[in-house]
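Student: coords please:
(4 chains)
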Protein chains: 2
Amino acid sequence: MKDISLHMDEYLPLRDVVFNTLREAILTGDLEPGERLMEIKLADKLGVSRTPIREAIRKLELEGLVNMTPRKGAVVAEISKEDLQNVLEVRRVLEQLAVELACKRMCPEDEEALETNLEVFKKAIETNNPTDIAKLDVEFHDIIYMATKNARLIQILFNIREQMYRYRLEYIKDQDTRYTVVKDHAKIIAALKDKKVEEAKKIIISHIEQQEKTIKKNMGFN
Amino acid sequence: MKDISLHMDEYLPLRDVVFNTLREAILTGDLEPGERLMEIKLADKLGVSRTPIREAIRKLELEGLVNMTPRKGAVVAEISKEDLQNVLEVRRVLEQLAVELACKRMCPEDEEALETNLEVFKKAIETNNPTDIAKLDVEFHDIIYMATKNARLIQILFNIREQMYRYRLEYIKDQDTRYTVVKDHAKIIAALKDKKVEEAKKIIISHIEQQEKTIKKNMGFN
DNA sequence: CTGTTGTCTCCTGTATACAATATTCATAAA
DNA sequence: TTTATGAATATTGTATACAGGAGACAACAG
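Tutor: Residues are numbered from 1 along each chain as shown, chains lettered A, B, ... in the order given. Below is the predicted model of the structure:
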């Protein structure tokens, strides 16, 4: 039997479409922190009934993007300096774990993917395309995550990155840091290839701390 | 105005009641791994409509306790040796982070709570009440989590513990390890009080590794 | 002028109805 | 006997209806 399955995963339940739409809107700031999410209004706007909206909101709640109060509804979660600190504290150790595991378990394809990414990244910086740059940076870390072969870790890191996205857009606008990012990525790749775990960890930490500084600077958290 | 507020948090939406019920059933093994969760059946059994059931299942999905396939429904997530490994890898670093932060931020009340817990724990072991023992062990770690003052970390650790519960019940039945657990707890408290971060981390790691061994032994993962 | 109460409206919580898809099982053809 | 095929059935996806709580606001009492 040949592969006749023409994208059987093409179909997405409305709740997932709604979920993605709302998430995107929150991450880009289209829906502002503190804003109420009213089911009927959203349902009308998106042209669906309340049911998928409700289910999407339940998921957003678990993702930490909205806060719910029973019988009062959901509001877009606030972003605060404290919360950023909290997320970064967790992220720091998990990213370290990720490079550690990646070091152990990385296969040749992963290595290759990292190097390809770095090249494309460099080009994107030349052409100065912010969207591409952000996407490629995300992809770089994705490759490392995947190399860990730990589905749980991957899931949590994805979730954390989601949170970070609300700050990240600010971060990536900052011109000065771009070359630092490239250098960091190159160093990480080298360390991973040489299986220098501690080295790789160190770079990741400084990488994150650099981001932290930039974000705080750009958002006026000080 | 006196405190006349008689349990205003008494009310729980049905979806949360259902969520707790199903979670409990999954964790205790009442609902077995691989078992299908059919909405109508559950709705009839619990005497509610499908709506709260569906919303509860969405939450269970995000918690990782069930797996969903669009248009096919939800099944109770399997528990495998690999998954246990994955969870433990993450847990190891996050528990370390927790004691590190707890060391920094613990207040006198937290210290007191830990010591009280230890005393009660000892008594529970004397009287050999498995339910109490499990509850107190959980509480011990809760106190440390809370002392970190990091809501994100707390949330993830809670979630991880939830996952662990599926193995933990087996773990706690094991008689031999109980005294080790008490000793570990005492050592952790001492280290936290003396602000000996590295020491505390070391103990936590061995504590977890001990659990890991016991769980694997009891579940025949080898 | 201030605070209380009642009503009105809006919104969420829950149930149910209807639509679309997946599964099952029997039947028929090779 | 095995494999297709298709109708019957079961189950999920989505929309809608109805009930009840929360907030807003006006009328009224102090």
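Student: could you pull out the strands for chain A?
Tutor: A:36-37, A:66-69, A:73-76 (DSSP state E).
Student: which stretch among these comes nearest DNA strand C?
Tutor: strand A:73-76 (3.1 Å; CB to the nearest atom of the strand). For every residue, glycine as well, the C-beta is placed using N, CA and C.
Student: Can you give me every residue that contacts the spatially closest residue to residue A:137 that is not a sequence neighbour?
Tutor: Using CB to CB, 6 or more residues apart in numbering or on different chains and skipping the chain neighbours, the partner closest in space to residue A:137 is residue A:181 (6.5 Å). Counting by CB atoms under 8 Å, 6 or more residues apart in numbering or on different chains, residue A:181 makes contact with A:137, A:207, A:210.
Student: and the first one, how many neighbours?
Tutor: Yep, that's residue A:137 we're talking about. Residues within reach of residue A:137, counting by other CB atoms under 10 Å in any protein chain shown, total 21.
Student: Give me the distance between it and residue A:214.
Tutor: Between residue A:137 and residue A:214 the computed distance is 12 Å (CB to CB, to the nearest Å).
Student: Residue ranges of each domain in chain A, please.
Tutor: Here the domain parsing of chain A from automatic domain parsing is A:8-76, A:81-219.
Student: Tell me the span between the first and last residue of the last one.
Tutor: The reference is to domain A:81-219. 9 Å (CA to CA, to the nearest Å).
Student: what mean pLDDT does it have?
Tutor: The pLDDT scores in domain A:81-219 average 89.
Student: So what's the residue count around the nearest residue to residue A:115 once chain neighbours are set aside?
Tutor: Nearest non-adjacent residue to residue A:115, counting by CB to CB, 6+ apart: residue A:189, 6.4 Å away. Using other CB under 10 Å, residue A:189 is surrounded by 20 other residues.
Student: How about residue A:55?
Tutor: The tally of other residues near residue A:55 (other CB under 10 Å) stands at 22.
Student: just to revisit the earlier point, between the contacts of residue A:181, which is nearest chain B?
Tutor: residue A:207 (17.4 Å; CB to the nearest CB).
Student: most centrally placed residue in chain A?
Tutor: residue A:161 (2.9 Å; CA atoms, centre = their mean).
Student: distance of the nearest residue to residue A:27 once chain neighbours are set aside from chain B?
Tutor: Nearest non-adjacent residue to residue A:27, counting by CB to CB, 6+ apart: residue A:165, 4.6 Å away. Plainly put, residue A:165 is 15 Å away from chain B if you go by CB to the nearest CB, to the nearest Å.
Student: Likewise for residue A:205?
Tutor: From residue A:205 across to chain B, the span is 13 Å (CB to the nearest CB).
Student: Which positions in stretch A:126-146 come out as buried?
Tutor: Within stretch A:126-146, the residues scored as buried using 16 or more other CB atoms under 10 Å in any protein chain shown are A:133-134, A:136-137, A:140-146.
Student: Can you list the buried residues in the biggest helix by length in chain A?
Tutor: Longest helix of chain A, by residue count under DSSP state H: helix A:81-105. Neighbour counts using 16+ other CB under 10 Å place A:83-84, A:86-103 of helix A:81-105 among the buried residues.
Student: filter these down to the ones close to chain B.
Tutor: Among the buried residues of helix A:81-105, proximity to chain B is found for A:83, A:86-87, A:89-90, A:93-94, A:96-97, A:101 (CB under 8 Å from any CB of the partner chain).
Student: Looking at those residues, which is nearest residue A:13?
Tutor: Distance to residue A:13, by CB to CB, is smallest for residue A:87 among those, at 29.0 Å.
Student: give the contact list for that closest one.
Tutor: Residue A:87 touches A:160, A:163-164, B:152, counting by CB under 8 Å, 6+ apart.
Student: how about these, which pair is most distant?
Tutor: A:164 and B:152 (11.4 Å).
Student: nearest to DNA strand C, of the domains of chain A?
Tutor: domain A:8-76 (3.1 Å).
Student: So is the closest one next to DNA strand C?
Tutor: Yes - residues of domain A:8-76 contacting DNA strand C under CB under 7 Å from any atom of the strand: A:11, A:36-41, A:50-51, A:54, A:68, A:70-74.
Student: thinking again about what came up before, okay, now the residue nearest to residue A:27: neighbour count?
Tutor: 18.
Student: For residue B:147, see how far away it is.
Tutor: Distance from residue A:165 to residue B:147, by CB to CB: 29 Å.
Student: Next: residue A:212.
Tutor: In this view, residue A:212 and residue B:147 are 23 Å apart by CB to CB.
Student: With neighbour count and distance to DNA strand D as new columns, can the contacts of residue A:87 be given to me in JSON lines?
Tutor: What follows is the contacts of residue A:87, written out as JSON lines (neighbours: other CB atoms under 10 Å in any protein chain shown; distance: CB to the nearest atom of the strand, whole Å):
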{"residue": "A:160", "neighbour count": "19", "distance to DNA strand D": "27"}
{"residue": "A:163", "neighbour count": "23", "distance to DNA strand D": "26"}
{"residue": "A:164", "neighbour count": "20", "distance to DNA strand D": "29"}
{"residue": "B:152", "neighbour count": "22", "distance to DNA strand D": "27"}
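Student: Just these: which are in helices?
Tutor: A:160, A:163-164, B:152.
Student: circling back: mind checking which of the buried residues of stretch A:126-146 land in helices?
Tutor: A:133-134, A:136-137, A:140-146.
Student: And the residues you listed, which is closest to residue B:123?
Tutor: Nearest member of those to residue B:123, counting by CB to CB, is residue A:145, at 45.0 Å.
Student: need the contact list for the closest one.
Tutor: Taking CB under 8 Å, 6+ apart as the test, what residue A:145 contacts is A:98, A:102, A:153-154, A:157-158.
Student: Go again with 10 Å.
Tutor: Going by CB atoms under 10 Å, 6 or more residues apart in numbering or on different chains, residue A:145 touches A:94-95, A:98-99, A:101-102, A:153-158, A:161.
Student: for those, which one is nearest DNA strand D?
Tutor: residue A:155 (20.4 Å).
Student: what's around that closest one, how many residues?
Tutor: Residue A:155: 15 neighbours (other CB under 10 Å).
Student: Could I get the full set of helices for chain A?
Tutor: Going by DSSP H, chain A shows helices at A:14-28, A:39-46, A:50-63, A:81-105, A:108-127, A:130-147, A:151-173, A:177-193, A:197-219.
Student: what about the ones you listed, which gets the closest to residue B:20?
Tutor: Smallest distance to residue B:20 across the helices of chain A (CB to CB): 14.6 Å, for helix A:50-63.
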